[in-house]
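> give me a model of this one.
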Amino acid sequence: MKTSNLILLDTNILVYYHQELSHFHLQARAVMEKGLKRKMPLCICPQVLMEFYSTITNPKRVTDPVSSEAAIREIEKYFTCRWIVKIHPKEKTLAATIELMKKYRVKQMEIFDLQLVAVMLSNRVKRIYTFNRDDFEKFTEIEVVEP
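Numbers count the residues shown, from 1 in each chain. This next block holds a predicted model:
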């Protein structure tokens, strides 16, 4: 599979898929099921998995938090899942991040979205699936796809 066809799953897709009480759960589940049926080439990266862990274990962020052990099991499922491609930062990712920082002048927590974009671009991934369109629309190098 060519990486240019891949769509990165943003953290919120995993969170809403996991949180069945969320009003976004059904939309997130539809995305994941398309990936499972290989109708959509999905990918994840370590940052997304760490953000997912942080979110689903935090009672201030989700209505149904899980234990660290349960969160680790969920991460392992995604990490070992054969139908989700894993992408990783490359040697050139930091340089790409710095160039994007100069171009977009992000502040505070926006740096984490910019870092995702840099990982995407260094892996030739041009699309991201997210419920947070506003977080990524400023990055003209990628396409934002909403469920």
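> got the buried residues for the helix or strand bottoming out on mean pLDDT in the chain?
Between all helices and strands in the chain, the lowest mean by mean pLDDT, DSSP states H and E belongs to helix 25-36, at a mean of 93. Within helix 25-36, the residues that qualify as buried are Ala28, Arg29, Val31, Met32, Lys34, Gly35, counting by 16 or more other Cβ atoms under 10 Å. All C-beta spots, glycine's among them, are computed from the backbone N, C-alpha and C.
> other SSEs contacting it?
Helix 25-36 is packed against helix 11-18, strand 42-44, with contacts defined by 3 or more Cβ pairs under 8 Å, 6 or more residues apart in numbering; DSSP states H and E.
> which of the helices or strands spans Glu69?
Using DSSP states H and E, Glu69 sits in helix 68-80.
> and that helix, average pLDDT?
Averaged across helix 68-80, pLDDT comes to 95.
> helix 25-36 and that one, what's the angle between them?
With axes from the mean of the first three to the mean of the last three Cα atoms, to 10 degrees applied, the angle from helix 68-80 to helix 25-36 works out at 40 degrees.
> for Pro59, grab the count of nearby residues.
Pro59 sits with 8 neighbouring residues when counted by other Cβ atoms under 10 Å.
> and it, what element?
Pro59 belongs to no helix or strand, assigned by DSSP H and E.
> so who does it touch?
Pro59 makes contact with Pro65 under the criterion Cβ atoms under 8 Å, 6 or more residues apart in numbering.
> what does Trp83 give?
Here Trp83 is in contact with Gly35, Leu36, Arg38, Leu42 (Cβ under 8 Å, 6+ apart).
> since that was my last question, I'll sign off now.
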